[in-house]
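Q: just the structure for this:
(one chain, ligands or ions: 2)
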Amino acid sequence: MDKLLIQGGRPLQGEVVISGAKNAALPILCASLLTADPLELDNVPALRDIGTTLTLLQRMGVRAERKGETHVTLQADQVSSQEAPYELVKTMRASILVLGPLVARFGRARVSLPGGCAIGQRPVDQHIKGLAAMGARIRIEHGFVVAEAERLRGASILTDMVTVTGTENLMMAAALAEGRTVLENAACEPEVVDLAKILIAMGAHIEGHGTDRIVIEGVERLHGAAHRIVPDRIEAGTFLCAVAATGGDIILRHAAPDTLGAVLDKLRDAGLEITTGPDWIRARMDGRPRATGFRTSEYPGFPTDMQAQLMALNTLAEGTAVITENIFENRYMHVQELHRMGADIEIDGHTAVVQGVPQLLGATVMATDLRASASLVIAGLAANGQTTVERIYHLDRGYERMERKLQALGADIQRIQ
Ligand SMILES: CC(=O)N[C@H]1[C@@H](OP(=O)(O)OP(=O)(O)OC[C@H]2O[C@@H](n3ccc(=O)[nH]c3=O)[C@H](O)[C@@H]2O)O[C@H](CO)[C@@H](O)[C@@H]1O
Ligand SMILES: C=C(OP(=O)(O)O)C(=O)O
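A: Ligands and ions are numbered 1, 2, ... in the order given. Predicted coordinates for the structure are as follows:
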């Protein structure tokens with residue numbers, strides 16, 4: 001199993017190119033199931049989750065080809081199976097995103113139930129409830145969701161909570177349903193908007209994406225399209241937390257600052273000097289960060305996928321930060337590892353109280369999930385001495401060549417096999 005070895009204490013300097021967003025690319029790859037025509041995708045990040053999704057689609061008969069570093073072509077004109085097996089779904093929950101497209105286009109889907117994971121239970125009841133409202137007959141059988149329908153019908157769907165992949169699954173299904181679907185309490189995340197954009201380019205009739213009410217007029221068929229994936233706001237935010245922790249001066253290229261409002265606000269509060277252009281962000285940090293409390297919430301609020309990284313920064317800050325995690329019930333797995341590096345954090349239910357310390361000390365720590373891993377890398381970059389981050393396969397799910405990007409910024413970080 002790969003590990004990262006980090007010698008902390010070096011300020012970050014230079015430029016880094018931000019990759020396409022994992023959480024936009026995953027639903028968009030699954031959208032290829034909605035048409036027999038080719039999809040041409042650019043800015044697809046080279047990540048383990050992308051590889052898993054391509055394998056899943058290929059097993060169903062989708063022709064998927066990577067051309068060059070970031071270009072992927074997909075064509076679902078010879079789909080022979082509508083099944084997503086447990087062995088793939090268990091490594092990547094986003095596999096549930098094939099459910100809506102499969103039942104909408106082929107009238108049938110058999111997708112393994114994802115089960116719980118390190119950050120919480122993460123049920124998919126709202127995906128199921130929405131598809132049932134659209135007329136799908138759904139049963140749970142031997143650990144699989146089995147959905148069938150001659151043709152889905154448009155429906156008015158109010159989800160019990162805001163769900164990102166739930167909104168995406170139902171939007172894709174509704175694109176091919178008969179009649180109008182209204183999704184109330186829909187997710188407004190930039191990745192939902194990016195999916196809506198490619199669906200519209202494929203011939204779908206969608207309005208209201210980016211708001212909590214999305215209206216979809218179903219069409220009989222969709223056609224091919226070309227699309228460039230939106231930049232990864234979480235990768236960008238992670239590099240910004242890293243420079244805020246180590247000090248230095250970096251420029252992020254191919255970034256989307258307009259998707260990062262809440263994160264940039266909090267980092268400015270922490271003392272990071274930030275300037276932005278249409279597709280770049282410059283960040284300079286001098287001295288110790290200030291403690292910055294926050295509460296995670298749905299977009300445009302502060303993203304749960306940045307909670308661990310901003311917590312890592314707060315461990316080094318001057319003062320006390322109160323952090324509340326509102327989206328996932330168990331997303332504090334990084335806390336016990338940060339303790340091993342000398343952090344002072346107390347957890348009470350959904351709230352973490354972080355008392356900043358002047359210095360962290362390098363240690364051997366274990367990554368437990370994707371963003372927890374990123375927080376340990378940030379802590380390691382700023383710590384005194386050597387940090388070893390174990391089990392970085394979690395990190396590879398969502399960060400493209402993170403250690404190489406950090407090396408280019410002057411960090412002393414190496415992957416050990
Ligand atoms: C691939 C992808 O895009 N992943 C993102 C997506 O995950 P994902 O789409 O899985 O997260 P959701 O937005 O669905 O989850 C939000 C909350 O709703 C709950 N819930 C969700 C659906 C459902 O049917 N029932 C239910 O109870 C979840 O357990 C969670 O507590 O949004 C999360 C919240 O921004 C991010 O952390 C993930 O990075
Ligand atoms: C939780 C995340 O991803 P996923 O939904 O794919 O597990 C994440 O990107 O932080």
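
Q: now do the residue lying closest to A155 once chain neighbours are set aside, the pLDDT please.
A: What sits nearest to A155 in space, not counting adjacent residues and going by C-beta to C-beta, 6 or more residues apart in numbering, is A133, at 4.2 Å. (Glycine included, C-beta is placed from N, CA and C.) Turning to A133, the model gives it a pLDDT of 98.

Q: so who does A133 touch?
A: A133 sits next to 155-157 when contact means C-beta atoms under 8 Å, 6 or more residues apart in numbering.

Q: redo the residues you listed as a markdown table? Include secondary structure, neighbour count and distance to ligand 2.
A: Below are these laid out as a markdown table (DSSP: H, G, I helix; E, B strand; the rest coil; neighbours: other C-beta atoms under 10 Å; distance: C-beta to the nearest ligand atom, whole Å):
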| residue | secondary structure | neighbour count | distance to ligand 2 |
| --- | --- | --- | --- |
| A155 | coil | 20 | 25 |
| S156 | strand | 11 | 27 |
| I157 | strand | 23 | 21 |
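
Q: name the residues that touch stretch 4-17?
A: Residues contacting stretch 4-17 (C-beta under 8 Å, 6+ apart): 239, 242-243, 246-254, 360, 362, 377, 380-389, 392, 395, 403, 405-406, 408-416.

Q: rerun that using 7 Å as the cut-off
A: Stretch 4-17 is contacted by residues 239, 242-243, 246-254, 362, 377, 380-389, 392, 403, 405, 408-416 when judged by C-beta atoms under 7 Å, 6 or more residues apart in numbering.

Q: mind listing what's buried along that stretch?
A: With burial defined by 16 or more other C-beta atoms under 10 Å, the residues of stretch 4-17 counted as buried are 4-13, 16.

Q: interface residues of the protein facing ligand 1?
A: Near ligand 1, the residues belonging to the chain are 23, 26, 93-94, 120-127, 161, 163-166, 191, 304-305, 327-328 when assessed by C-beta under 6 Å from any ligand atom.

Q: circling back: pLDDT, distance to I323 and secondary structure added to the buried residues of stretch 4-17, as CSV?
A: Listed next are the buried residues of stretch 4-17 as CSV, based on pLDDT from 0 to 100; distance: C-beta to C-beta, whole Å; DSSP: H, G, I helix; E, B strand; the rest coil:
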residue, pLDDT, distance to I323, secondary structure
L4, 98, 25, strand
L5, 98, 28, strand
I6, 98, 24, strand
Q7, 98, 28, strand
G8, 98, 23, coil
G9, 97, 25, coil
R10, 98, 27, coil
P11, 98, 25, coil
L12, 98, 24, strand
Q13, 98, 29, strand
V16, 98, 26, strand
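
Q: which single one of these is nearest to L33?
A: Of all those, L33 sits closest to V16, with 33.5 Å by C-beta to C-beta.

Q: distance of that closest one from ligand 2?
A: Relative to ligand 2, V16 is positioned 19 Å away (criterion: C-beta to the nearest ligand atom, to the nearest Å).

Q: and for the chain, the residue most distant from the center?
A: E150 (32.6 Å; C-alpha atoms, centre = their mean).

Q: residues in contact with E83?
A: R110.

Q: on that earlier part again, now do the contacts for the residue farthest from the centre of the chain.
A: Contacts of E150 (C-beta under 7 Å, 6+ apart): G107.

Q: part of a strand, is it?
A: No: assignment of E150 by DSSP: H, G, I helix; E, B strand; the rest coil gives coil, placing it outside any strand.

Q: phi, psi for it please.
A: Phi and psi for E150, reported as degrees, to the nearest 10, are phi -70, psi -60.

Q: one more: K197?
A: K197 adopts backbone torsions of phi -60, psi -40, taken as degrees, to the nearest 10.

Q: burial count for it?
A: Residues near K197, counting by other C-beta atoms under 10 Å, number 20.

Q: quick check: closest non-adjacent residue to it.
A: H227 (6.9 Å).

Q: phi, psi of that neighbour?
A: phi -160, psi 150.

Q: next one: it from ligand 2, what distance?
A: Plainly put, H227 is 20 Å away from ligand 2 if you go by C-beta to the nearest ligand atom.

Q: which parts of the stretch 301-417 of the chain are strands?
A: In the stretch 301-417 of the chain, the strands defined using DSSP state E, counting those that start in this stretch lie at 320-324, 344-348, 351-355, 364-366, 386-390, 412-416.

Q: need the residues that contact the first one.
A: Strand 320-324 is contacted by residues 291-295, 307, 311, 314, 350-355 when judged by C-beta under 7 Å, 6+ apart.

Q: among those residues, who's most crowded?
A: Sorting those by how many neighbours each has (other C-beta under 10 Å) puts N314 first, at 31 neighbours.

Q: right, and it touches A352 too?
A: No: using C-beta atoms under 7 Å, N314 is not in contact with A352; the gap is 8.9 Å.

Q: and the helices in the protein?
A: 22-30, 48-60, 86-89, 99-106, 125-133, 164-175, 190-201, 233-246, 261-269, 307-314, 333-340, 370-382, 393-398, 402-408 (DSSP state H).

Q: tabulate the ones you listed (CSV), appending distance to L222.
A: Listed next are the helices of the chain as CSV, based on distance: least, C-beta to C-beta, whole Å:
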stretch, distance to L222
helix 22-30, 13
helix 48-60, 16
helix 86-89, 25
helix 99-106, 9
helix 125-133, 18
helix 164-175, 6
helix 190-201, 7
helix 233-246, 27
helix 261-269, 32
helix 307-314, 36
helix 333-340, 40
helix 370-382, 31
helix 393-398, 28
helix 402-408, 35
